[in-house]
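In: sequence unknown, structure follows:
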C-alpha cells in the first residue's frame, strides 16, 4: 500500500465520519423543531396570541339626568383629547410649542407635559382632554404640520345648570386607587370615569352602563395594528337615563333669590310622595370644572374656601334647630295629653323664666304676657315652652324625640347624608358630662331647640311632612320612582287628627295673623303654615330658619330653609321671605287653586327688616 | 454544440452544486421578502431587492472564480492572506457597526473584512496542510497552521465579533481533521480553549483538568508537550474570569441567556423566547407564507438575518423546516463528496472540506440558536440570511468548490 493510497483511504474514512456527523446533527435539529412545533405547538400558539392581543375597554355612554319636567341636568357630549405619539424630546417640544397657540397651552403646561413624557417615553402622552370642537378643527386643518398628534373623542360630562344643581347632581371623575380596591368597583378598571358625588355617585351603577371590550392586535412596541375579531369581545351597554323629582325651575329660582353672598340651604318636599322638589345649598361650585380633571388652582380655590362650597348644607350639615323645634315639643306634649292647644302655663311671659339660679330669657325682653299654646307658637314665646318642657319632663321628651327618628339619617338617595343628633337618654348626659355634670335645666334649652340638639334640614323636613299630612312620612328621594314614593318611615306624629289640625292652625297664625312672626311674608293666594326660628350660632350671628308647608290643609310642598349668620343688622327672618317666595312660585307653577281670599299684600323687599326684631327664639 | 455545452457545464465543475446553491439562495430571497412583510414599515421591507442584486453580483463572482486555476490561486494565497490581515487591522481603526467595529466602507459599499479573512485563512491552511504527504502528529509541529488562524482570530476578537471568531476555530479544527492530524493531537490543541469556557465553575473545570491529565498519562506524548498542555489548561482556566469581565455586556448577556433565557426576558432573552414562540406557533403546517404574526408585529427580532429560520418555522411549519433542512443537508453532502473524491488534489480537497465545515458550523449554530440549542452568537445562515458580503463569500466558496470538482 502506497502512502498515497493510505492517505486516500483515511480520507474516505474521515469523509464518512463527517457525513455521519452531518446526518446526526440534522436529525437532532429536526427533533428540536418537532418538539417545539408538534409537542409544544399549542402552548406556543397561545403564547403567540397573548403576545399580540390586548383587550381595550369600550366606554359605555353614561345616562343623562333630567328633572321632573324633562329639563336636562346632566348629559354626555363628545369631548376631544389630543395626545402626542412617542418622539424624541426635541421634536416633542417643538410640536408642543407650535400647538400652543391653537390649544391655549402655557409654557409651564408644556414643561409638565414633557415631564410626563419623560416618565413613560414609549407611550403616547396626553396633551389636553378638554378640547372644544373648534380647537380640534384648527389643529386638524394643519394636520401635515402635526404628524405626531393623535386626536380622539371620548364622552364628556356636561352639567347645563352648573352650580345651581351641583349639590344634587354631583360630578364625575377618574376612579381613584382606594375606589378601585373596593368591592363596589370590582368590575372597573383604572382610568374609568365614575360618579364622585351626588346623584352621579349614588346611581353610578345605573348611569354607567357596562363598558364593552374589544380586542386589538398590537406589535412588539404596544402600538395598535388592527382590530381582532374575537368571541370574547363585548359591546358596551349604554347607561340608563334618570329622571329626578327635582324641579329645575324652582332650583334656579332659589339660586336667583338666595341672599347674595350668604350661606345656607333650602329643601322642599312633596309631603305626599317624599319627592324632593328643591335641594339647594349656597355657596356652590361649578361641577363642570371637575370634568377631565380639575386644575390644581381651581381645586385649591374650592377646597380652601372657608365657606365650604362643596358642603351640602341640606344633608351634610348640622344646625341647632332653634324655634322650629317648638312644634316637636308641642306635638309630644299634646300627644301625651300634657296640654291642649288652649292651655296656659303657670307663669306668663315677662321676658324671662327663673329656673334654679339662672334666668332663661325670652327673645322679647318686655315679655309676651299670658299666652296659650296656640299664641305661644304664633309669637314663638320661649317662656311658655320652657315651662312646657318642664311639664313634659326630660325622660318623656328624650324618648318622644327618639321615636320621631331624630337620631337617624333619613336615607335620602344622596351620598354623604349625616344623622341628626338629639340625646337619646339620660345615660347619654351621664356619659357626656358625668353624673353630676348636668342638671334638669337642660330640658329648658332643648325646649327651644338649643343645647344638645343639632339637626339637618332634610330631617326637619321629614318631621314637618308628617305634621302636614298626619301620616308616616315618605323617605325623601330624588329619583322619580313609584316604588320610592311608598317607602315610609315607621313612626307618625301620634297626634289625633283634631289635635294635629289645632297645631296646623297655630302654624297658619304664625304667617297669616298680624303679630305672627312671619306675617310680613304671608302669601296672597295660599294659606302657608310655618314656623320661624333663630338659632344661636357659637361661631357668630344667629342663623335664620323657616319651616312651613302650603296649602295648610292640603299640603303640596313642605319647605325648610336656613340662612346662616352674616349681617348683624338683618338677622332675624331672612329665611322667611326667601322660603315663602319659593312656595308661592311652586304652587303657581303647579296650578294649585288658591285656598284663601286673595289679599293684596304690600310688596316686601327681601332686604327689609320686619318690625319685630329681637333675640333668639323668634 | 454538444461539446460547447459539455465545456460550459464542465467549466462549472459540478452543475448540480451550482443549481443547489441557486435554489437555496432563491429560497433565501423569498424568505427575506416574507421577513419584510411587517406591519411596522422598516428597512427590512426592501431588503429582498438588495439581496437579489447581491445574488447577481455573487453569480458573477462565482463565474470569475470558476475560471481561476487552482495553481494560480495557490500561488496568490499568501498575498490574499496578507491583504485580509491588513483589512482586519484597518477595520479596527476605521470600522463601523452597531455594537462592533466589523464593517468597512469602501467606495459606497460596506463589507465585513472578516468574511475575506475566513476565505484567505482557508486558502492558506489548504496550502500549508494540503500539500503534505504525511500529516504532522506532534503538537509543536502544528505551530504554522495555528499561527495562520490565531492572527485573524485575535483581530476578529478585538472587534469584538464572537461569532466570526468561532468560525476561525471551526476552520482550524476541520482543516487539521481533514489533513489527518490525529484526533488526540487536536484534542490537546483545543483543550486550553475548553478550559477557558469551563473556567467559570471551579468544579467543572477541575473534572476537565483531570480528564486532560489522564489523557496525557495514557497517550504519553512528549514530556514538553504534556507540560505545555497542562500549563496552558491551568492558565486559561485561571484567566477565564478576568477575560469574561472584559467581554462587552451584551456578549456576556447573550452567553448567560443561552443558559437561561428567562433571566432577561425583555432584553437578551427576548430574542430566544420570541423565536421559540414564533417557531412553536407555526405548528406542522405553519401560519402561511408572509403571514407569521410574530414576525409581522415585530416580536421577532432580526427576522431577516440571524432569525430568518424562525420565520421559516413560523410561516412554513415543521414541513417547511424539514424541507429546508433536507435541502441544506443534501447540498453539504454534495460539497463533502467533492472533497472526498479520490482524484482530488490536497489543496483543492482541503478547500472544499473547509467550506463544508464552515457552512455546516454556520448552519448548526444559526438554526440551533433559533430553537435554543446554541447561544445567540449572531452567525447568519448560509444562502438564506440577508447579508450581501456573506452571500458573496458564500458564492465565492461555491465557485472554488466547483473549480475543485472541475479540476478533479
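Out: Yep, that arrived. What you see is a predicted model, and the numbers here were worked out from it, not measured in a lab.
In: From chain A, how far off is residue B:222?
Out: Residue B:222 sits 23 Å away from chain A, going by Cβ to the nearest Cβ, to the nearest Å. Where C-beta positions appear, they are placed from N, C-alpha and C, glycine not excepted.
In: That residue - how many residues pack around it?
Out: 11 (other Cβ atoms under 10 Å in any protein chain shown).
In: how about the nearest residue to it, chain neighbours excluded?
Out: Spatial nearest neighbour of residue B:222, chain neighbours left out: residue B:138 (6.9 Å); criterion: Cβ to Cβ, 6 or more residues apart in numbering or on different chains.
In: helix, strand or coil for that neighbour?
Out: Classification of residue B:138 using DSSP: H, G, I helix; E, B strand; the rest coil returns coil.
In: cool, and the one 3 residues further on?
Out: Under three-state DSSP, the three-state class of residue B:141 is helix.
In: how far away is it from residue B:183?
Out: Using Cβ to Cβ, to the nearest Å, we find residue B:141 at a distance of 16 Å from residue B:183.
In: and residue A:378, what does it touch?
Out: Shown in contact with residue A:378 (Cβ atoms under 8 Å, 6 or more residues apart in numbering or on different chains): A:506, A:509-510, A:513, A:515-517.
In: Which pLDDT value belongs to residue 221?
Out: Answering for chain A, as no chain was given. On pLDDT, residue A:221 comes in at 61.
In: let's do chain B instead
Out: 75.
In: so what's the closest residue to chain A within the stretch 251-400 of chain B up against?
Out: Relative to chain A, the nearest point of the stretch 251-400 of chain B is residue B:280 (2.5 Å; Cβ to the nearest Cβ). Applying Cβ under 8 Å, 6+ apart, we find residue B:280 in contact with A:36-37, A:40-41, A:43-45, A:47-48.
In: Can you tell me which of those end up in helices?
Out: If you go by DSSP state H, the contacts of residue B:280 have A:41, A:43-45, A:47-48 in helices.
In: any idea whether residue A:481 is helix, strand or coil?
Out: Under three-state DSSP, residue A:481 comes out as coil.
In: Look at it and say how many residues are nearby.
Out: 16.
In: With residue A:546 instead?
Out: For residue A:546, using other Cβ under 10 Å, the count is 30.
In: doesn't residue A:532 fall inside a strand?
Out: Yes. Per three-state DSSP, residue A:532 lies within a strand segment.
In: Specify the beta-bridge partners of it.
Out: residue A:546 (DSSP bridges).
In: any idea which helix or strand carries residue A:74?
Out: strand A:72-84 (DSSP states H and E).
In: which element follows that strand toward the C-terminus?
Out: Using DSSP H and E, the first helix or strand after strand A:72-84 is helix A:89-103.
In: Helix, strand, or coil at residue A:217?
Out: strand.
In: cool, the one 10 residues further on as well?
Out: For residue A:227, the secondary structure call by three-state DSSP comes out as strand.
In: Distance from stretch B:230-249 to the middle of the chain?
Out: 24 Å (Cα atoms, centre = their mean, to the nearest Å).
In: Just the residues contacting that stretch, thanks.
Out: Taking Cβ under 8 Å, 6+ apart as the rule, stretch B:230-249 contacts B:99, B:160, B:191-193, B:195-200, B:205, B:208-209, B:212-213, B:216, B:252, B:255.
In: what about stretch B:382-397 and chain A, touching?
Out: No. Using Cβ under 8 Å from any Cβ of the partner chain, stretch B:382-397 stays clear of chain A, with a minimum separation of 13.9 Å.
In: count of residues packed around residue B:232?
Out: 18.
In: Flag every residue of the stretch 151-300 of chain B that's near chain A.
Out: Within the stretch 151-300 of chain B, the residues that sit near chain A (Cβ under 8 Å from any Cβ) are B:177-178, B:180, B:274, B:276-284, B:293-294, B:296-299.
In: quick one, longest helix in the chain?
Out: As the question left the chain open, I've gone with chain A. helix A:3-34.
In: could you do chain B instead?
Out: For chain B, assigning by DSSP H, the longest helix comes out as helix B:308-340.
In: Which strands or helices does whichever helix or strand comes after that one pack on?
Out: Next helix or strand after helix B:308-340 toward the C-terminus (DSSP H and E): helix B:346-370. The helices and strands touching helix B:346-370, judged by 3 or more Cβ pairs under 8 Å, 6 or more residues apart in numbering or on different chains; DSSP states H and E, are helix A:3-34, helix B:70-94, helix B:113-130, helix B:162-178, helix B:268-282, helix B:308-340, helix B:388-407.
In: So which bits of the shortest one are buried?
Out: Neighbour counts using 16 or more other Cβ atoms under 10 Å in any protein chain shown place B:268-282 of helix B:268-282 among the buried residues.
In: and the least confident of these?
Out: residue B:268 (60).
In: Tell me the spacing between residue A:66 and chain B.
Out: For residue A:66 relative to chain B (Cβ to the nearest Cβ), the value is 47 Å.
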